[in-house]
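K.L.:
Need coordinates for the below:
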Amino acid sequence: MSAWKNRFTKEQIVAELRRLAKPEVKESMATFGIDTASALGVSVPELRKLSRRIGISHELALSMWATGIHEARLLATMIDDPALVTGRQMEVWVRDINSWDVCDSLCGNLFDKTRSAYMKADEWSRRDREFVKRAGFAMMAVLAVHDKEANDQQFINFLPLIEQNSDDERNFVKKGVSWALRNIGKRNMALNEKALRTAEKIGAKESPSAKWIASDAIRELTSKAVLARLNPVREKEE
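P.N.:
Prediction:
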């Protein structure tokens with residue numbers, strides 16, 4: 001495949017994905033709750049290696065997504081150029097999501113690096129469709145880790161949305177809400193305290209989902225490992 005450099009085609013890439021596919025990988029995907037209806041069975045490490053050989057290409061990313069193949073869409077999230085991603089593309093792609101791994105890869109590999117990241121996190125968390133809502137909270141979670149320049153207020157603005165949606169009993173939404181709250185609370189001590197206050201309010205709800213999210217967040221955000229990383233001097237003194 002070295003001869004492909006700088007002249008990849010959609011057909012070549014799809015053929016390579018089919019060559020890399022393994023039935024046992026597809027079976028493993030299913031055990032993790034991944035929708036494999038359009039999957040071939042290519043592992044993420046193999047996709048990452050392939051993405052490095054392809055390089056960044058907005059045009060190829062668009063063509064990969066259009067195939068509808070599960071791994072081609074994961075690959076698209078790795079090779080697209082965030083500077084060229086439009087709000088329209090984000091809306092089209094987020095509505096196409098049918099599996100949590102595509103959702104999280106799309107947010108963590110690509111969408112969080114776009115100009116519309118914070119706006120879409122807010123907008124999508126207010127939508128009803130399961131994976132669109134999941135994408136809103138996944139964006140919050142990955143931004144809390146990846147955007148080192150963001151100020152605290154940008155994440156404080158997300159906390160009311162986290163609280164409001166904490167009683168959504170759908171599994172992928174519930175886990176997305178928990179992920180967002182925990183990652184915000186692990187960003188620094190000030191946000192840790194605010195996230196814990198939000199978790200306490202969530203825990204007062206009657207919803208089983210809310211109680212699970214609160215317990216999950218409080219357990220992690222008060223753990224010695226997290227507190228030692230956020231405030232090593234204080235933890236050393238204690």
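
K.L.:
List the residues that contact T36.
P.N.:
Applying C-beta atoms under 8 Å, 6 or more residues apart in numbering to T36 gives the contacts K26, M29, A30, H70. Any C-beta I mention is one placed from the backbone N, CA and C, and that applies to glycine too.

K.L.:
For the spatially most central residue of the chain, pull up the helix or strand it's in.
P.N.:
Centroid-nearest residue in the chain, with C-alpha atoms, centre = their mean: D104, separated by 2.7 Å. Following DSSP states H and E, one finds D104 within helix 100-109.

K.L.:
That helix - contacts with which helices or strands?
P.N.:
Counting contacts by 3 or more C-beta pairs under 8 Å, 6 or more residues apart in numbering; DSSP states H and E, helix 100-109 packs against helix 70-79, helix 130-146, helix 171-185.

K.L.:
again, only using 7 Å
P.N.:
helix 70-79, helix 130-146 (3 or more C-beta pairs under 7 Å, 6 or more residues apart in numbering; DSSP states H and E).

K.L.:
and the ones you listed as CSV, adding distance to G203, mean neighbour count and mean pLDDT?
P.N.:
Formatted as CSV, the helices and strands packed on helix 100-109 follow (distance: least, C-beta to C-beta, whole Å; neighbours: other C-beta atoms under 10 Å; pLDDT from 0 to 100):
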stretch, distance to G203, mean neighbour count, mean pLDDT
helix 70-79, 34, 25, 98
helix 130-146, 18, 25, 98
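
K.L.:
and the ones you listed as JSON lines, adding distance to K22?
P.N.:
Output for the helices and strands packed on helix 100-109, formatted as JSON lines (distance: least, C-beta to C-beta, whole Å):
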{"stretch": "helix 70-79", "distance to K22": "11"}
{"stretch": "helix 130-146", "distance to K22": "26"}
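
K.L.:
Among these, which comes closest to K201?
P.N.:
With C-beta to C-beta as the measure, helix 130-146 is the member of the helices and strands packed on helix 100-109 nearest K201 (16.9 Å).
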